[in-house]
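J.: I would like to see how this sequence folds:
(chains A and B)
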Amino acid sequence: EIVLTQSPTTMAASPGEKVTITCRASSSVSYMHWYQQKPGASPKPWIYDTSKLASGVPNRFSGSGSGTSYSLTISSMETEDTATYYCQQWSSNSPTFGAGTKLELK
Amino acid sequence: QVQLMESGPGLVQPSETLSLTCTVSGFSLTSYNVHWVRQPPGKGLEWMGVMWSGGSTDYNSALKSRLSISRDTSKNQVFLKMNSLQSEDTTTYYCARDLYYFDYWGQGVMVTVSS
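T.: Reported below is the predicted structural model:
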């Protein structure tokens, strides 16, 4: 099973600040997907295939990476971006998720 | 439009069996895979297993001995059964459609394991 390690676990950013969340895989993976989850709600697809934005996701979000290191970046933090973000990979018919990064507003 | 809706008991006794149903609409179970994912309160997401569109299943190795997933395509329903429930199985259970990533999720059903 591939283990995904997200960092940081929790972070706070000011409005307008650039944010980067990292996801490291225990073995090389071909793609990474990201989900946004707000309290009391189901996860929403946010970035798929490493860098493609899901429907409705603002273009201040971007994704990048390859091999064992992937990242989600917000170019300019906004209030509505406060949420927990999870990375997810799929290999050998066994998806795994990162533990999540809680992003708060400073 | 695409929808998934989980249903099941909110409370289960320890050592009993949990039965959940995921009712889908807007797509065919023979064309898309449906997964079960769970999330303990305040914690992260754990993949449980999948009903493949072809009718076969795969399970998280950590849960495989207790878990069974089945479906009724005529009713557009996918079922989860998990036995020997313990307190650590107190969690929200989601079903989600797979478009090689999880593109649609149900609203989740919270299950508490308690006597």
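J.: only C-alpha atoms for contact and neighbour calcs from this point on.
T.: Fine.
J.: what ranges does chain B have for its strands?
T.: Remark: strands assigned in chain B by DSSP state E are B:3-7, B:11-12, B:18-25, B:33-39, B:46-51, B:57-59, B:67-72, B:77-82, B:91-98, B:102-105, B:109-113.
J.: my error: substitute chain A in the last question.
T.: Applying DSSP E to chain A gives strands spanning A:4-7, A:10-13, A:19-25, A:33-37, A:44-48, A:52-53, A:61-66, A:69-74, A:83-91, A:94-97, A:101-105.
J.: just send these back as CSV, with mean neighbour count and mean pLDDT too.
T.: What follows is those, written out as CSV (neighbours: other C-alpha atoms under 10 Å in any protein chain shown; pLDDT from 0 to 100):
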stretch, mean neighbour count, mean pLDDT
strand A:4-7, 20, 98
strand A:10-13, 15, 98
strand A:19-25, 21, 98
strand A:33-37, 24, 98
strand A:44-48, 22, 98
strand A:52-53, 18, 98
strand A:61-66, 18, 98
strand A:69-74, 20, 98
strand A:83-91, 22, 95
strand A:94-97, 21, 93
strand A:101-105, 19, 98
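J.: as JSON lines, those with distance to B:Asn60 would be great.
T.: Supplementary listing: these in JSON lines, determined by distance: least, C-alpha to C-alpha, whole Å:
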{"stretch": "strand A:4-7", "distance to B:Asn60": "16"}
{"stretch": "strand A:10-13", "distance to B:Asn60": "27"}
{"stretch": "strand A:19-25", "distance to B:Asn60": "18"}
{"stretch": "strand A:33-37", "distance to B:Asn60": "19"}
{"stretch": "strand A:44-48", "distance to B:Asn60": "21"}
{"stretch": "strand A:52-53", "distance to B:Asn60": "27"}
{"stretch": "strand A:61-66", "distance to B:Asn60": "25"}
{"stretch": "strand A:69-74", "distance to B:Asn60": "24"}
{"stretch": "strand A:83-91", "distance to B:Asn60": "12"}
{"stretch": "strand A:94-97", "distance to B:Asn60": "7"}
{"stretch": "strand A:101-105", "distance to B:Asn60": "23"}
